[in-house]
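Novice: Have a look at this prediction, sequence included:
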Amino acid sequence: MGTLTRATKNITRRKTRALLVIIALSLALTILTSIPPSITANQQATQKTINNIQAGMQQQTAMINMVATQIECSQPIKFRTDAGPYHNETTFEKPLMNITDYSNLTLIANVDAVIPIMQQPQSDTEKQYLYDIVGIPTDNTVLSSYPSILPANITKGRNLQPGDVGVVILQERAAKLFGVGVGDRVEILGQSFQVVGIQGLDAYNKTAAYMSLGEAQSITNSTGKVYEFKIFVNNVENVGTVENEIKKAYPDLEVITAKSLIDAAQQTQQLVEQQINQAQTTFNQVQSTALMEMGVVVVADCVIVLFIMLYTVRERTKEIGTLKAMGASNSTILGQFLLEGTMLSLIAGAVGITVGSVVATSLASLLLPRLNLFGADLVMTEDGHMISEPIAVTMTPEMVLLGLGVAVLLGALGTLYPAWRAARIRPAEAMRYE
């Protein structure tokens, strides 16, 4: 009878013991084979979280920086106390500026762009309604590089586009004033425009009509003049320096910067760095815990096989003596017990991997630290609530083969000493064993 046949019969003859060994080993191997893909899943979740944070940070920083690096320059408001038919009314106005008088703004260091903006208040004498005419450069370079100068919150139609002529964006109150909608034509100060977009409420709550700068200057008889300059600085850190240079070169100008947004940009950067560091720390914790658990499982697996096989050797001492009396060599006995332990571990490995592929996700959430970092394991339900879900763990074919290999290796290692002891038993001593 061959070694393989005897090993197989010995396993099937002791079904209860073999079943207990397989259950114990399969539980250990379920954990052992679930942890590596769990680490991979956690690593992917961590990296996804970091990527999402960085992408969000880049978008937010770009938006904040676009506004935070913006400086608004205009003439101070002038008050008149002798206005009106009886010269006893107080009014105020924002003087326009000649573009040529401020051409040196473009020469200031760290200034990327100087964009002229037109804004003139107008009144509808019939309906007693005030609105602003706002002129924006519609050059392709300007709009593509500095979209923040465009009206925000377009609720219908579209925004201004490069090269637009003869079109207008109306704030919804202005649209109601003129009684028009998207696609209609409207006459403003004697010139006909097509309405291409409607603006909802924005941060400034303007009642305005937005058009190209040249057309706004033309219909208000303000060619060559602007209401303000929007100056974009190349970096947030240089805003203060540019502000001082503007005030030095043009002391008559009122200069406004978004200091609070500059602070917000810096705080956002610090917060993002903290989040990324936290994500990395969380993953390092996952790795440390996983390695520790794998070490414990490997030792436990070997110990289980070791003690079971030691008991088996002791129980089968007379059988071993009989085999040796029949001429079985030490290598044959050694091979038989090694083969039994390896076969048990292989069966347990197959069972453990099968179970692990089903429960790996749940097992990972129990064994490893939760990666609960800013939504890494959070999903949004249809009603807008955030709920926690375990990170999905997938058992790859490579991991299955590796698990089987580990099972065979651990079975062989755990059986090595008992098999060596079995091979060393002398036939005469074995036959006297009770």
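Specialist: Received it, and whenever you're ready, just let me know what you need.
Novice: quick one: Y210 and T155, what's the gap?
Specialist: Using C-beta to C-beta, to the nearest Å, we find Y210 at a distance of 14 Å from T155. For the C-beta atoms, the positions are set from N, CA and C on the backbone; glycine is no exception.
Novice: ok, these two, which is more surrounded?
Specialist: Shown here are Y210 and T155; by other C-beta atoms under 10 Å, Y210 has more neighbours (27 against 11).
Novice: so how far is R158 from the more buried one?
Specialist: 12 Å.
Novice: again with L201
Specialist: Distance, L201 to R158, by C-beta to C-beta: 18 Å.
Novice: Next: L107.
Specialist: From L107 to R158 the distance is 36 Å (C-beta to C-beta).
Novice: start to end distance for stretch 230-250?
Specialist: 15 Å (C-alpha to C-alpha, to the nearest Å).
Novice: Give the buried residues for that stretch.
Specialist: By neighbour count with 16 or more other C-beta atoms under 10 Å, stretch 230-250 contains the buried residues K230, I231, F232, V233, V236, N238, V239, V242, E243, E245, I246, Y250.
Novice: So what sits opposite the third one in the bridge?
Specialist: Assessed by DSSP bridges, F232 has beta-bridge partners Q70, A113.
Novice: Can you pull the residues that touch both of Y210 and T155?
Specialist: Contact criterion C-beta atoms under 8 Å, 6 or more residues apart in numbering; residues shared by Y210 and T155: Q199.
Novice: Now tell me which helix or strand of the chain has the poorest mean pLDDT.
Specialist: strand 378-380 (a mean of 42; mean pLDDT, DSSP states H and E).
Novice: host element of the nearest residue to T223 once chain neighbours are set aside?
Specialist: Once flanking residues are discounted, T223 sits nearest to Q217: 4.8 Å by C-beta to C-beta, 6 or more residues apart in numbering. Q217 belongs to helix 213-219 when assigned by DSSP states H and E.
Novice: Tell me the helices and strands packed up against that helix.
Specialist: Under the contact definition 3 or more C-beta pairs under 8 Å, 6 or more residues apart in numbering; DSSP states H and E, helix 213-219 sits against strand 111-124, strand 129-136, strand 191-199, strand 225-226.
Novice: Show me the strands paired with the last one, marking each as parallel or antiparallel.
Specialist: It refers to strand 225-226. Assessed with DSSP bridges, strand 225-226 is paired to strand 97-98 (antiparallel).
Novice: I'd like to know the beta-bridge partner residues of S212.
Specialist: Bridge pairing for S212 - DSSP bridges - gives I136.
Novice: Hmm, it is touching D139, no?
Specialist: No: at 9.5 Å, S212 does not count as touching D139 under the criterion of C-beta atoms under 8 Å.
Novice: When those two are compared, which one has more neighbours?
Specialist: Neighbours were counted for S212 and for D139 using other C-beta under 10 Å; S212 has more, 22 against 14.
Novice: List the contacts of I149.
Specialist: Counting by C-beta under 8 Å, 6+ apart, I149 has contacts I115, I117, I136, P137, V142, L143, K230.
Novice: Highest neighbour count among those residues?
Specialist: Sorting the contacts of I149 by how many neighbours each has (other C-beta under 10 Å) puts I136 first, at 25 neighbours.
Novice: who's in contact with that residue?
Specialist: When contacts are counted by C-beta under 8 Å, 6+ apart, I136 touches I117, M118, I149, L150, L160, Y210, M211, S212, L213, A216.
Novice: 10 Å instead?
Specialist: 115-119, 142-143, 149-151, 159-160, 164, 169, 210-213, 216, 230 (C-beta atoms under 10 Å, 6 or more residues apart in numbering).
Novice: ok, it to I117 distance?
Specialist: For I136, the distance to I117 - C-beta to C-beta - is 6 Å.
Novice: got any residues that touch both of these two?
Specialist: Shared contacts of I136 and I117, counting by C-beta under 10 Å, 6+ apart, come down to I149, L213, A216, K230.
Novice: For these, which two are the farthest from each other?
Specialist: Pairwise distances across these peak at 14.8 Å for A216 and K230 (criterion: C-beta to C-beta).
Novice: quick one: the helices in the stretch 201-350 of the chain?
Specialist: When secondary structure is read from DSSP state H, counting those that start in this stretch, the stretch 201-350 of the chain shows helices at 213-219, 239-249, 259-315, 317-325, 330-367.
Novice: And the contacts of the second one?
Specialist: Looking back up the chat, that one is helix 239-249. Contacts for helix 239-249 (C-beta under 10 Å, 6+ apart): 65, 68-71, 73, 102, 104-105, 107-112, 229, 231-235, 238, 253-259, 261-262.
Novice: can you rerun that using 7 Å?
Specialist: Here helix 239-249 makes contact (C-beta atoms under 7 Å, 6 or more residues apart in numbering) with 69, 71, 73, 104-105, 108, 110-111, 233, 253, 255, 257, 262.
Novice: same check, this time on the first one
Specialist: Contacts to helix 213-219, defined as C-beta under 7 Å, 6+ apart, come from residues 116, 118, 133-137, 165, 188-191, 223, 225.
Novice: and if we set it to 6 Å?
Specialist: If you take C-beta atoms under 6 Å, 6 or more residues apart in numbering as the criterion, helix 213-219 is touched by M118, I133, G135, I136, P137, L189, Q191, T223.
Novice: Distance check, the closest residue to the third one other than its chain neighbours against V186.
Specialist: In this case it means G135. Nearest residue to G135, sequence neighbours excluded (C-beta to C-beta, 6+ apart): A216, at 2.6 Å. Distance, A216 to V186, using C-beta to C-beta: 14 Å.
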